[in-house]
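Asks: For reference, the sequence and a predicted model appear below.
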Amino acid sequence: MSSTQLSFRIAADPPARLDKALTRDAPEAASLSRTRLGRLLSEGAVTVNGTVVSDPKGKVGEGDLVEITMPEASESHIVAQDIPLAVVHEDDDLIVIDKPAGMVVHPAPGTPDGTLVNALLAHCGDSLSGVGGERRPGIVHRIDKDTSGLLVVAKSDRAHHGLASQFEKHTVERHYRALVHGVPDAGDPRLRGVKGVSFETGNIMRITTQLARHKTDRQKQAVLFQGGRHAVTRARIVETFGVPPAISLMECWLETGRTHQIRVHMAHAGHGLVGDPVYGGRRKLPARVLSEAATEALRAFPRQALHAATLGFRHPVSGENLRFESPMPPDIDNLITLLRS
């Protein structure tokens with residue numbers, strides 16, 4: 001396998017650990033994460049002043065010459081599959097996809113193929129320069145199998161690191177559209193008694209909890225107030241349906257991005273998503289609130305009515321601010337048309 005050589009010197013006042021010093025001083029263009037550097041150290045690919053070093057806790061001094069042998073990116077073990085994709089934007093470093101409902105993002109034991117990653121390997125081909133030493137797309141965030149909408153995927157190490165940093169710092173704009181049961185309104189006395197739920201100016205509902213995997217059902221997330229991971233969701237009403245109103249179209253946006261966050265947060269507030277099979281999105285409506293056709297369509301809706309509608313971020317290489325919007329998919333759009341009738 002061919003390789004390239006990366007050489008640089010350690011700057012003044014290096015960190016106490018070798019891996020941290022390498023992370024700090026390696027040329028930015030090389031896009032080497034601490035994890036990647038740790039792997040290169042363990043493989044014997046790093047020398048300091050001509051001597052191979054492998055201990056990430058080792059020490060270096062100012063002016064030491066570091067040389068890293070960078071092997072060419074290896075081929076991914078995941079099979080490339082020619083699956084149609086709705087590409088919203090693509091350049092040398094990243095690709096933005098409008099994912100259909102029903103598509104899993106990454107292969108897993110239950111879904112070894114037919115995923116977005118399988119499709120991207122075929123679509124991108126040789127334009128993938130390698131992520132973490134492997135020629136594969138870099139997944140920096142995911143949306144659930146039965147959620148539709150926008151997500152960005154890295155095609156290079158430098159894009160992967162830059163995007164991951166933005167997601168970690170919660171600077172990425174992610175707005176969703178969701179159909180929920182009920183009307184989440186600041187005037188509802190019930191909501192004032194739900195822990196973690198508050199309202200901001202403009203009737204914006206703010207849900208602040210901890211989230212963790214459910215103790216007994218490992219496929220679910222659970223709301224906690226101690227332990228788990230901090231999660232904040234905001235939501236506002238876009239439109240209501242029914243007389244009196246019984247269904248709401250919500251705009252939801254994430255301050256954090258946890259697994260199932262919108263679904264579990266809206267259910268916690270008592271306004272579960274229409275069609276959600278995991279968090280109780282199937283409810284019996286009062287008689288004659290909606291038309292018979294709309295009531296039947298709600299009952300039969302096969303997935304959580306959730307769509308990742310807006311995605312905005314800073315391009316990790318060019319620095320350009322990018323923002324993309326996705327229209328409602330036909331199934332949710334058709335349901336809204338029936339609800340309006």
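Replies: The structure has been received and is ready for your questions.
Asks: Spatially nearest residue to Phe313 (excluding sequence neighbours)?
Replies: Closest residue in space to Phe313, ignoring its immediate chain neighbours: Val172 at 4.7 Å, by CB to CB, 6 or more residues apart in numbering. C-betas here are computed from N, CA, C, even on glycine.
Asks: do Leu335 as well
Replies: Ala297 (5.5 Å).
Asks: Number of residues surrounding the one you found?
Replies: 19 (other CB atoms under 10 Å).
Asks: which SSE is it in?
Replies: For Ala297, the host element (DSSP states H and E) is helix 292-300.
Asks: Which strands or helices does that helix pack on?
Replies: Packing partners of helix 292-300 (3 or more CB pairs under 8 Å, 6 or more residues apart in numbering; DSSP states H and E): helix 330-340.
Asks: Okay, angle between the helix it packs on and helix 292-300 too, please.
Replies: Between helix 330-340 and helix 292-300, the angle comes out at 140 degrees (axes from the mean of the first three to the mean of the last three CA atoms, to 10 degrees).
Asks: The residue nearest to Val238 when sequence neighbours are not counted in helix, strand or coil?
Replies: In space, and not counting its chain neighbours, Val238 is closest to Leu249: 4.5 Å by CB to CB, 6+ apart. Per DSSP: H, G, I helix; E, B strand; the rest coil, the secondary structure class of Leu249 is strand.
Asks: Look at the residue positioned nearest the centre of the chain and report its pLDDT.
Replies: Centroid-nearest residue in the chain, with CA atoms, centre = their mean: His141, separated by 2.4 Å. At His141, the model reports a pLDDT of 91.
Asks: before we move on, what about His160?
Replies: 86.
Asks: That one belongs to a helix?
Replies: Yes. Per three-state DSSP, His160 lies within a helix segment.
Asks: Please work out how many residues are found near it.
Replies: For His160, the neighbour count with other CB under 10 Å is 25.
Asks: I figured it hits Gly138, correct?
Replies: Yes. Using CB atoms under 8 Å, His160 is in contact with Gly138, at 3.6 Å.
Asks: returning to that earlier point: could you measure from the residue nearest to Val238 over to Glu239?
Replies: From Leu249 across to Glu239, the span is 4 Å (CB to CB, to the nearest Å).
Asks: Pick out whichever of these two has more residues nearby.
Replies: The neighbour count for Leu249 versus Glu239, taken as other CB under 10 Å, is higher for Leu249 (19 against 14).
Asks: Identify all residues paired with the more buried one through a beta bridge.
Replies: Leu179, Glu239 (DSSP bridges).
Asks: So for it, what's the pLDDT?
Replies: 98.
Asks: if I pick it, what's in contact with it?
Replies: Taking CB atoms under 8 Å, 6 or more residues apart in numbering, we find Leu249 in contact with 177-179, 237-241, 336.
Asks: mind redoing it with 6 Å?
Replies: 179, 238-239 (CB atoms under 6 Å, 6 or more residues apart in numbering).
Asks: Can you tell me how far the residue nearest to the centre of the chain is from Gly257?
Replies: Distance of His141 to Gly257, given as CB to CB: 6 Å.
Asks: So the nearest residue to Ala45 once chain neighbours are set aside: helix, strand or coil?
Replies: In space, and not counting its chain neighbours, Ala45 is closest to Thr69: 4.5 Å by CB to CB, 6+ apart. At Thr69 the chain is in strand, as set by three-state DSSP.
Asks: burial of the closest residue to Ser42 other than its chain neighbours, as a residue count?
Replies: Setting aside the residues directly before and after it, Ser42 is nearest to Ser54 in space (CB to CB, 6+ apart), at 6.0 Å. Ser54 has 14 neighbours, counted by other CB under 10 Å.
Asks: Could you say which helix or strand holds Ser54?
Replies: Assessed by DSSP H and E, Ser54 sits outside every helix and strand.
Asks: Do I have it right that it meets Leu41?
Replies: Yes. With contact defined as CB atoms under 6 Å, Ser54 and Leu41 form a contacting pair (5.2 Å).
Asks: What are the buried residues along stretch 301-316?
Replies: By neighbour count with 16 or more other CB atoms under 10 Å, stretch 301-316 contains the buried residues 301, 303-316.
Asks: To clarify, my last question referred to stretch 245-258.
Replies: Applying 16+ other CB under 10 Å to stretch 245-258 flags 246-254, 257-258 as buried.
Asks: nearest to Leu151, of the residues you listed?
Replies: Nearest to Leu151, judged by CB to CB, of those is Gly257 at 10.9 Å.
Asks: which residues of the stretch 1-150 of the chain fall in strands?
Replies: For the stretch 1-150 of the chain, the strands defined by DSSP state E, counting those that start in this stretch cover 3-9, 46-48, 51-52, 65-71, 74-75, 87-90, 94-99, 134-135, 138-139, 148-154.
Asks: looking at these, which is buried most?
Replies: Of the strands of the stretch 1-150 of the chain, the one with the most neighbours on average (mean count of other CB atoms under 10 Å) is strand 148-154, at a mean of 25.
Asks: Output it as CSV, restricted to C-alpha atoms.
Replies: Provided in CSV are the C-alpha atoms of strand 148-154 (Å, rounded to 0.1, in the frame of the first residue of the first chain):
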residue,chain,number,x,y,z
SER,A,148,-37.3,11.9,6.5
GLY,A,149,-35.2,14.9,5.6
LEU,A,150,-31.8,16.5,5.4
LEU,A,151,-28.4,15.4,6.7
VAL,A,152,-24.9,16.2,5.8
VAL,A,153,-22.1,13.6,5.4
ALA,A,154,-18.4,14.2,5.2
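Asks: Right, I'll leave it there.
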